[in-house]
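Participant: Quick one, fold the following:
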Amino acid sequence: MAYELFRKFNKEHLFNIILAKYLDFNIKNIFFSQLISNSQKKDIIHKMYWFFEQCFEKKIKPKEKLNEKLYALIFEKKYNEALDLYNHIYPLISEYEEWIVKQEEGKKWLEDQLAKLESNLIAKENIIIDLKKYNNELIEGNKWLEGKLSESKESISSQINVIEDMKNWINELEKGKGWLQTQLDNYKKEVENLNIIIDDLKMWNQQLIEAKESLEKENNDK
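Facilitator: Modelled structure (predicted):
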C-alpha cells in the first residue's frame with residue numbers, strides 16, 4: 001500500500017531511499033530490544049514482513065554483517081532461527097564492545113603514563129643541565145682561586161692569612177664538586193631507567209593497538 005502511494009505520485013525512488021535508510025534500523029530495533037520477548041519479536045517480524053519483502057524485491061541489503069544474516073533468515077521466514085542466531089551472537093558482541101571500552105581506557109591510561117614519564121624526563125634533563133652549569137661555574141671559580149693562590153704565594157709573608165682562607169674555600173669547593181658529581185651520576189641513572197620504561201610502555205601500546213586491529217578484523221570476518 002505504501003509503495004503504491006509513492007508510485008502513484010512517481011516517487012518510487014524516494015520509497016527506495018526510505019527502505020534503505022530504515023532496513024538496518026528496523027532489524028536492530030526488533031532484535032536488539034531487551035523489552036520484548038522472543039515471541040513478541042517474532043510477531044513483529046511477521047507483521048512487518050511486507051517491509052522486508054519490499055527490500056528483497058528491490059535488492060536492498062543491510063549495511064551491517066550481522067543484520068545481513070538475520071535479513072536472509074527473515075527472507076526465508078525462518079524467524080526462530082533468526083532469533084536463535086541473534087541470541088547466540090549478541091552476548092559475544094556485548095563482550096567484544098566491553099573489551100573495546102576497556103582497551104580504550106587502558107590505552108588512555110598508558111598514554112597518560114607516557115606523558116607523565118616524558119614530563120618527568122624533561123624535568124630531570126633540565127636539572128642535569130642546571131647541575132652541569134653549576135659544575136662549570138665551580139670549575140671556573142676553582143681556577144680563579146688557584147690563580148689567586150698562585151699570586152698570593154709570591155708574597156706569603158704578607159698574605160698568609162688570605163692563603164689559608166683560600167685553601168679552606170678550595171677544600172669546600174672540592175667537597176661540593178664531589179657531591180655534585182654524585183648527583184649528576186644519580187640523575188643520569190634515573191634518566192636511563194625512565195627511557196627503558198618509556199620504551200616498554202610504547203611497545204605495550206603498540207601491542208594493544210595490534211590486538212585491537214586483529215579482533216576487529218576477526219569480528220568483521222564473522
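Participant: C-alpha from now on. contacts and neighbour counts both.
Facilitator: Noted.
Participant: Which secondary structure elements does the host helix or strand of Glu218 sit against?
Facilitator: Using DSSP states H and E, Glu218 sits in helix 156-221. Packing partners of helix 156-221 (3 or more C-alpha pairs under 8 Å, 6 or more residues apart in numbering; DSSP states H and E): helix 79-153.
Participant: Next, the angle from the helix it packs on to helix 156-221.
Facilitator: 170 degrees (axes from the mean of the first three to the mean of the last three C-alpha atoms, to 10 degrees).
Participant: can you give me how far helix 79-153 is from the chain middle?
Facilitator: 14 Å (C-alpha atoms, centre = their mean, to the nearest Å).
Participant: coming back round to it: just the mean pLDDT for the helix holding Glu218, thanks.
Facilitator: On average, the pLDDT along helix 156-221 is 80.
Participant: domain parsing for this protein?
Facilitator: Taking automatic domain parsing as the domain assignment, the ranges for the chain are 2-77, 99-221.
Participant: Quick check: the gap between the residue most central in space within the chain and Phe32.
Facilitator: In the chain, the residue lying closest to the centroid (C-alpha atoms, centre = their mean) is Lys107, at 3.3 Å. Using C-alpha to C-alpha, to the nearest Å, we find Lys107 at a distance of 29 Å from Phe32.
Participant: tell me the pLDDT at Trp99?
Facilitator: 66.
Participant: before we move on, which element is Lys77 in?
Facilitator: Going by DSSP H and E, Lys77 is not in any helix or strand.
Participant: Count residues in the vicinity of it, would you?
Facilitator: 15 (other C-alpha atoms under 10 Å).
Participant: how much space between it and Ser39?
Facilitator: Lys77 is 14 Å from Ser39, by C-alpha to C-alpha.
Participant: re the thing from before, hmm, Gln206 and the residue nearest to the centre of the chain touching each other?
Facilitator: No: between Lys107 and Gln206 there is no contact under C-alpha atoms under 8 Å: 9.7 Å.
Participant: In stretch 32-47, which of the residues would be classed as buried?
Facilitator: Within stretch 32-47, the residues that count as buried by 16 or more other C-alpha atoms under 10 Å are 38, 41-42, 45.
Participant: tell me, how many neighbours does the closest residue to Ile74 other than its chain neighbours end up with?
Facilitator: Nearest in space to Ile74, with sequence neighbours left out and distances taken as C-alpha to C-alpha, 6 or more residues apart in numbering, is Ala82 at 6.9 Å. Look at Ala82: counted by other C-alpha under 10 Å, it has 21 neighbours.
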